[in-house]
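Trainee: kindly generate the corresponding structure for this input.
(one chain, ligands or ions: 1)
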Amino acid sequence: MSEKKIIPIPVYNDVSFELFNKIHSRRSPAILRGLNIGSCLGKWTAEYLSQIVGNKPVKIHVSETGQMNFLTKNFQYKTLPFDQLIKRSSSNQHEDYFLTNTEVYYLRALGTDSRGREVANMENHYPELCQDFQIPQFLEASSIFSSVLRVASKGVQLWTHYDVMDNLLVQVTGKKRAVLYSPEDIPYLYLEGDKSQVVDIDSPNLERFPEFIKATAHECIMEPGDILFIPALWFHNMTSLDFSVAVNVFWRNLSPEVYDKKDPYGNKDPLPASKALEMVESALKHLSLLPDEYQRFYKRRIVSRVQKNL
Ligand SMILES: O=C(O)CCC(=O)C(=O)O
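Mentor: Below you'll find the predicted structure:
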């Protein structure tokens, strides 16, 4: 049986603006280590965060198991005061809980509107934390789309997915394992929309997902202070190895008109791509009017036409 392929994500120390531009144009992931991210490093403990942010309500994911699965929704959305979230997510056993006393928590900060349509922005929504945090001055302010606070219990593993914007993920507190797959690995990832159906990437069900073995994992362990460059369209699967606090910044590398204006997360396909995907669905619907033999023939013709352009 063939072995799982793993490539370590390269680590760059004290990255200059010029080096960052080179890394960015290579379109592959990298760890930027030793950059100044502000006084948050070492300061953002559970006690400090609870005290400074207080009890404002936040919408979170709660799950009995660390391995969260967006497709089967093995978690629930709940609301907690921020300080309660921090208390619970920084401990393994809870006096108060929703599902079980060992449940885990994940916060992906959103805006403040009740329908979750507002883009996350640290300056607007967590101004008390902003004085402690800075992103290296590599990005043009006008291209920045969002800045997202992320808090996770130890053991939370976020499903493999892609986003459509470039991303700098700044790990502030705790360690995190990052496993990334190249956009070229799409044939092996069993996608449903922007997510992979392969939830257990370390012990995949190879009867259901036989091709997954061909995917190459680009891996690293992020230390506090590390910044991971996740290029747009790279799949990523993140596991918090400790109580974890991170901030990520999404920015646009395409012209603004191609992005979906109704996308608060930075993960909706660019408009020309979503149009094209819709047309594929429509093509399949048309073909379903034909007998199997003809359907297969014309699907192969379509695949061969697309492959000519790859
Ligand atoms: O580190 C995390 O909690 C998830 C990061 C992530 O999915 C992202 O930055 O897009």
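Trainee: excluding its backbone neighbours, what's nearest residue 220?
Mentor: residue 9 (3.9 Å; C-beta to C-beta, 6 or more residues apart in numbering). Every C-beta, even on glycine, is put in place using the N, C-alpha and C of the backbone.
Trainee: quick check: the gap between that neighbour and residue 204.
Mentor: 21 Å (C-beta to C-beta, to the nearest Å).
Trainee: and the pLDDT for residue 8?
Mentor: Here, the pLDDT recorded for residue 8 equals 98.
Trainee: with residue 71 instead?
Mentor: 85.
Trainee: go on, residue 263?
Mentor: Looking at residue 263, its pLDDT reads 87.
Trainee: what's the burial count for residue 232?
Mentor: Using other C-beta atoms under 10 Å, residue 232 has 20 neighbouring residues.
Trainee: now do the contacts for it.
Mentor: 162, 163, 164, 165, 166, 167, 253 (C-beta atoms under 8 Å, 6 or more residues apart in numbering).
Trainee: which ones are touching the nearest residue to the last one once chain neighbours are set aside?
Mentor: In this case it means residue 253. Nearest residue to residue 253, sequence neighbours excluded (C-beta to C-beta, 6+ apart): residue 166, at 5.0 Å. Contact analysis of residue 166 by C-beta under 8 Å, 6+ apart lists 24, 229, 230, 231, 232, 250, 251, 252, 253.
Trainee: for residue 166, name its beta-bridge partners.
Mentor: Per DSSP bridges, the residues bridged to residue 166 are residue 251.
Trainee: distance of it from residue 75?
Mentor: Looking at residue 166 against residue 75, where the rule is C-beta to C-beta, the gap reads 27 Å.
Trainee: look up the closest residue to residue 100, ignoring the ones flanking it.
Mentor: residue 64 (5.3 Å).
Trainee: residues near the residue nearest to residue 171 when sequence neighbours are not counted, how many?
Mentor: Closest residue in space to residue 171, ignoring its immediate chain neighbours: residue 222 at 4.2 Å, by C-beta to C-beta, 6+ apart. Neighbour count for residue 222, taken as other C-beta under 10 Å: 25.
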